[in-house]
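In: Pasting a predicted model and its sequence here:
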Amino acid sequence: MTELRYRRSSSIPQLKHSSTADFCNDDGSNPRDDEVNPLLLHGNMTNFFRFNSLFYTSTQWRNDQMMMHNEKESNIIEHFGSEVAFSSQFHYTTCELDPYRFTGDVEMDELLDYLSTSKQGGCGAFDDVIRFCEEQYVIQQAAGECNHVQDTNIQHPPAVKFYQHYHQIPPWVDWSQIQRGINIFLAYLPASGCALYYRSLVGGFSIPKIVEVLIATRYLVPASMRRGVNGEVINNGVRNESSSDDRKRTFERLLDTGGFMACCFAPTDPEAVPAASLRPGGKGWKAALHVRVLHAKVRRSLLKSNSWDMKNGVPINQEDLAATLLAFSVNVLLGIEFVAGRPLSESDQRDYLALWRYLGWLLGVDTPEEVVERTRLEGRLKSSNPNMETLYPLDPCGPYKFLDGQQSCYGDSIIHSHATLESMILHLLHPTKESCQLVHHLLSFNGKVRFRSEMCRQFLGQPLSDSLGIPNCTDAMIALMVYFFLMTIRCYTNLAMTFPWLRQTMIRWHGALQKRFLVIWEVNHNKRVGAAVGEKKSCPFSMLMPPAGGAF
């Protein structure tokens, strides 16, 4: 367990203050975003040649904004070399986060229960729940019963109701903004890809309570790594060794994650409307719902087994889902800042967070479905979670923290998302021996262990890397290779940031790569699923390896 050290927040440097009137957009963001914040400038040329994953210039700006609007005392908490300006007004305490560990995706869980008891559609490992919902929706539409989707007086079957629900887009969704968020990912694809692997995957999946799900489902872990009768982890293989089958399976599952993102972000017809793939019925929209079903099936299977320990909460619970969403959103923004040596503009950051807020809503992360414009919440806040009256949504990529029927007086998606991630890191990130084993497996699945290890140490920082057992680089040539690799991506990323015409060119290039990857992935993935299930039509994100001892 890492010791957390506290000190008073008075040591945070005070930056230039603005009046609260400056923060009056719908999400509470600064409407004068085009004004240059001195913290967002390049810095001097000396810093351009340095990489520091424990200090981000954007953190100073966020801390200053929180202090200006903070009505409660703040403390600085040091955790693995990073400092968090913790304020209960913006951050979540352990007591606030714990209840979310015992709530899954209520809407999807209830749908699977209905399909199981009614013997309709099926909810087995390979059953395509979304296709069944779509077929039922089309049947009712043809019968004229779904023409008025907003009519709440019509009682539809649960499958139809679910599919219909996600055709009703929340009012806070701006398709042009969603497309701008997609373009940010595509423009900075090399930096984003490195951040997702070395910062989000290795760092995030080393959280012990998430490792428990990975061990139980045999996902991204060696097949020999499992829980024994007494709860201890048994590794039948030699420590730090993975079989060729393990490495192949891990590589395939990493490709599946890339396939999901390609479904969402690969450009469609040039003449198509913005974010066409993520609109209802689009490839990315369906992929997100398929992944949501997969998570619910895993949760259902583990809860029915006798192996899951509820001290970890419900498998793939709301906190886990929110933390994963932040790993794909905030961690990518921080990864781009680490690689580039400077953060993206505030408007770019908000666009990217808006993209993941919408994806989180599709993936089952509890999110408000209305624009909240009042400090005091009157009655029930519309959301997909029926438990909302007692448990307000985390809404990790949204602008506000909700608690006790109130929202924070200052709303900004940048502040809220980073504060939520920091809260979850303090709550969950305390590596164990199993975390170290998983990290070693992820870094060694396809060779080049020393290069990947040094890259990890650069992205995660030395204190966390030491706790995860990531070896120090003793080979000067490897260290030099990593440095020049990062410098190449830094120059590439800064060119995209500096020249708009070049950024648009990179969006087209990287978009074409995503399209090509998607085609190859779909062919290979369909072969794998087909080999596992035969001729039967199955879910494209099927549970190819159900949890040991689990049941549906």
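Out: Perfect, I can see it now.
In: What ranges does the stretch 301-450 of the chain have for its strands?
Out: Assigned by DSSP state E, counting those that start in this stretch, the strands in the stretch 301-450 of the chain fall at 402-403, 406-407.
In: And those, which one averages the lowest pLDDT?
Out: With a mean of 64, strand 406-407 has the lowest mean pLDDT of the strands of the stretch 301-450 of the chain.
In: so how far is Gly398 from the residue nearest to the spatial centre of the chain?
Out: Geometric centre of the chain, nearest residue: Leu325, 2.0 Å, by CA atoms, centre = their mean. The gap separating Leu325 from Gly398 is 11 Å, by CB to CB, to the nearest Å. C-beta here means a position set from N, CA and C on the backbone, and glycine is covered the same way.
In: quick one: the helices in the stretch 251-400 of the chain?
Out: For the stretch 251-400 of the chain, the helices defined by DSSP state H, counting those that start in this stretch cover 283-304, 318-328, 330-340, 346-363.
In: Can you name every helix or strand that the third one contacts?
Out: Taking 3 or more CB pairs under 8 Å, 6 or more residues apart in numbering; DSSP states H and E as the contact definition, the neighbouring helices and strands of helix 330-340 are helix 57-68, helix 189-194, helix 346-363, helix 413-428, helix 476-498.
In: circling back: and the residue nearest to the centre of the chain, what is it in contact with?
Out: Contacts for Leu325 (CB atoms under 8 Å, 6 or more residues apart in numbering) come out as 356, 359-360, 363, 365, 396-397.
In: And Gln65, by the same measure?
Out: Shown in contact with Gln65 (CB under 8 Å, 6+ apart): 410, 412, 415.
In: Next, the contact list for Gln177, please.
Out: By CB under 8 Å, 6+ apart, the contact set of Gln177 is 350-351, 354-355.
In: Now tabulate those residues in a markdown table and tack on distance to Asp269, neighbour count and pLDDT.
Out: Below are those laid out as a markdown table (distance: CB to CB, whole Å; neighbours: other CB atoms under 10 Å; pLDDT from 0 to 100):
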| residue | distance to Asp269 | neighbour count | pLDDT |
| --- | --- | --- | --- |
| Arg350 | 27 | 26 | 97 |
| Asp351 | 22 | 22 | 98 |
| Ala354 | 23 | 23 | 97 |
| Leu355 | 20 | 27 | 98 |
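In: Take these and lay them out in TSV including distance to Asn52.
Out: Below are the contacts of Gln177 laid out as TSV (distance: CB to CB, whole Å):
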residue	distance to Asn52
Arg350	25
Asp351	26
Ala354	28
Leu355	27
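In: Between those residues, which sits nearest Leu115?
Out: Within the contacts of Gln177, the smallest distance to Leu115 is 30.2 Å, found for Leu355 (CB to CB).
In: can you tell me how far that closest one sits from Val273?
Out: Using CB to CB, we find Leu355 at a distance of 15 Å from Val273.
In: Could you do Asn472 as well?
Out: Using CB to CB, Asn472 is found at 50 Å from Val273.
In: Where does the prediction get shaky in the stretch 301-450 of the chain?
Out: Low-confidence segments of the stretch 301-450 of the chain (pLDDT under 70): 371-381, 387-389, 404-409, 446-447.
In: How about the stretch 451-552 of the chain?
Out: Scanning the stretch 451-552 of the chain for pLDDT under 70 picks out the ranges 532-552.
In: doesn't Tyr198 make contact with Ala327?
Out: No. The criterion here is CB atoms under 8 Å, and Ala327 misses it with Tyr198 at 11.8 Å.
In: These two - which one has more neighbours?
Out: More crowded of Ala327 and Tyr198, by other CB atoms under 10 Å: Tyr198, with 25 against 21.
In: Please tell me how far that one sits from Val138.
Out: The value you get for Tyr198 to Val138, if CB to CB is used, is 43 Å.
In: can you dump the C-alpha coordinates of the helix or strand harbouring Phe86 into CSV?
Out: In this assignment (DSSP states H and E), Phe86 forms part of strand 82-87. Only the C-alpha atoms of strand 82-87 are listed here, as CSV (Å, rounded to 0.1, in the frame of the first residue of the first chain):
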residue,chain,number,x,y,z
SER,A,82,2.4,13.0,-8.7
GLU,A,83,0.7,15.7,-6.7
VAL,A,84,-3.1,16.0,-6.5
ALA,A,85,-4.7,19.2,-5.2
PHE,A,86,-7.5,17.4,-3.6
SER,A,87,-10.7,19.2,-2.9
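In: Parallel or antiparallel, which strands does it pair with?
Out: Paired neighbours of strand 82-87 in the sheet (DSSP bridges): strand 74-79 (antiparallel).
In: mean confidence for the partner strand?
Out: Mean predicted lDDT for strand 74-79 stands at 87.
In: Excluding chain neighbours, give the residue nearest to Tyr197 in space.
Out: Once flanking residues are discounted, Tyr197 sits nearest to Leu254: 7.9 Å by CB to CB, 6 or more residues apart in numbering.
In: An error on my part: the question was meant for Thr367.
Out: Trp361 (4.4 Å).
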